[in-house]
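*Asks:* sharing a model that was predicted from the sequence below.
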Amino acid sequence: AHSIPFHSILTSTSTSTTAPAMDAFTVKEIQKVIDAGLAEDLQDLGDLSSQSAVPKGCIARGRFLAKADGVLAGLEVARMVFASVDPSVKVTFTKYDGDKVTKGTYFGNVDGPASSVLTGERLALNLMQRMSGIATQTNTMIELVRPYRTKILDTRKTAPGLRYVDKLACNIGGGTNHRMGLYDMIMIKDNHITSAGGLTNAVEKVVKWLDCKGLRSKIPIEVETRTLDEVKEALTLKSKIHRVMLDNMTKIVDKKINRVDTTMLQKALGLIKGQISTEASGNITLETVKQVAATGVDMISSGALTHSVTALDISLKIKLLSKI
C-alpha cells in the first residue's frame with residue numbers, strides 16, 4: 001500500500017509573530033471569491049448608500065469585535081477584501097488566523113476613507129464569520145480526538161464557489177484537507193463500484209486508466225467500503241490503492257446521550273490490522289467523534305465541518321476620525 005500526501009493550502013502556520021501563509025494558487029482562488037463577492041454587491045452602480053450619504057474626504061476607523069468565543073480565521077482574507085475595494089485602506093490586527101479569541105475582544109482596526117470601509121465591511125465580515133465558524137468547529141473536534149492522534153479531514157461538502165475559503169478555514173483550525181476536488185484524487189465510491197460491476201473491477205479499470213495517462217504515481221486512489229466483505233475485497237487490492245474509507249460503519253444507538261455503536265468499525269479495523277491507511281466517515285459530529293477515534297482509525301472525515309457552519313459572531317464598529 002502507499003500513503004496519500006495530505007493536502008494543505010497553507011504554506012506555514014501562525015506563530016506569535018507571524019500570520020499563516022497561503023500558497024500562491026490559493027491566494028488566486030481566494031481573490032476570485034472576493035472579486036465575485038464585490039461584483040455581486042456593487043454591480044454597475046456601486047455602493048449607493050455610501051456614495052449618497054457619506055461625504056467625500058471622511059476618514060473612518062472600524063474596530064473588529066469578537067462577540068463570541070472561538071478560533072479566528074479569514075483575517076488575511078479580510079485584508080484582501082479591503083485592498084480590493086481601496087488600496088489606501090489600512091488593516092491591522094492584534095491577532096492572527098488560528099488564534100483563539102474570547103467574547104468581547106477587539107482584535108483589529110481598519111482605517112481609511114469611510115465610504116471604502118463601508119463598502120468592504122459586509123463581504124469582509126461574511127467571510128471572516130464563516131471561516132471562523134469552520135475553524136472553531138474544526139479545532140473543537142481536533143481537541144476531542146487529541147488523545148488518539150487521529151487526523152480530522154474536511155470533505156467536498158462545501159458551499160459552491162467557496163471551496164478554497166472553506167478548506168482554508170479548516171486548515172487554519174488545525175484540520176487536514178481531503179481532496180480539493182475531483183481532479184486531484186480518485187475516490188471510488190458506491191455508485192462508481194455499482195457502475196463498474198464491483199469493487200475489484202472498478203480498481204482494475206482505474207489503475208489501467210492511470211497507467212495509460214501516465215498518472216499512476218501522481219494520483220492517489222481511495223476506495224469506499226460499506227460492508228466487511230468489501231473490506232476483505234479491498235485488502236486483496238492493497239498494493240494498488242492508498243486508503244480505505246470505512247463508510248457508515250457506526251450507528252447512533254442513543255441520540256439522547258449521543259452514544260454510537262462502533263462494533264462494525266472495530267471489526268473492519270481488526271481485518272485491516274494496519275495494512276493500509278483507514279478513514280472513517282458517516283455520523284461524525286462533535287458528539288460522536290471521540291468515540292469513533294477511540295477505535296484507532298487513522299483518519300476521520302466530517303462533512304459537518306463545512307456543510308453545517310455556525311458562523312462566529314464578529315462585528316465592525318466604525319467611528320469617524322476626520323471629515324471635510
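*Replies:* Structure received.

*Asks:* does I221 touch H192 like I think?
*Replies:* No: judged on C-beta atoms under 8 Å, I221 makes no contact with H192 at a distance of 11.1 Å. C-beta: built from backbone N, CA, C; applies to glycine.

*Asks:* next, count neighbours for T158.
*Replies:* 23 (other C-beta atoms under 10 Å).

*Asks:* ok, it - contacts?
*Replies:* By C-beta atoms under 8 Å, 6 or more residues apart in numbering, the contact set of T158 is V165, D166, K167, T306, H307.

*Asks:* how far out from the middle of the chain is the host helix or strand of the third one?
*Replies:* In other words, K167. K167 belongs to helix 163-172 when assigned by DSSP states H and E. Its chain's average C-alpha position is 3 Å from that of helix 163-172, according to C-alpha atoms, centre = their mean, to the nearest Å.

*Asks:* with stretch 200-213 instead?
*Replies:* Centroid displacement of stretch 200-213 relative to its chain, using C-alpha atoms, centre = their mean, is 30 Å.

*Asks:* buried stuff in it?
*Replies:* By neighbour count with 16 or more other C-beta atoms under 10 Å, stretch 200-213 contains the buried residues T200, A202, V203, V206, V207, L210.

*Asks:* need the max-distance pair from those residues.
*Replies:* T200 and L210 (15.8 Å; C-beta to C-beta).

*Asks:* where is the longest helix in the protein?
*Replies:* helix 114-145 (DSSP state H).

*Asks:* and D111, what does it touch?
*Replies:* So D111 contacts I59, A60, R61, G62, V89, K90, V91, T92, V117, L321 (C-beta under 8 Å, 6+ apart).

*Asks:* whichever helix or strand it is part of: partners in the sheet, and parallel or antiparallel?
*Replies:* In the assignment (DSSP H and E), D111 maps to strand 106-113. For strand 106-113, the paired strands and their directions (DSSP bridges) read strand 59-66 (antiparallel), strand 90-93 (antiparallel).
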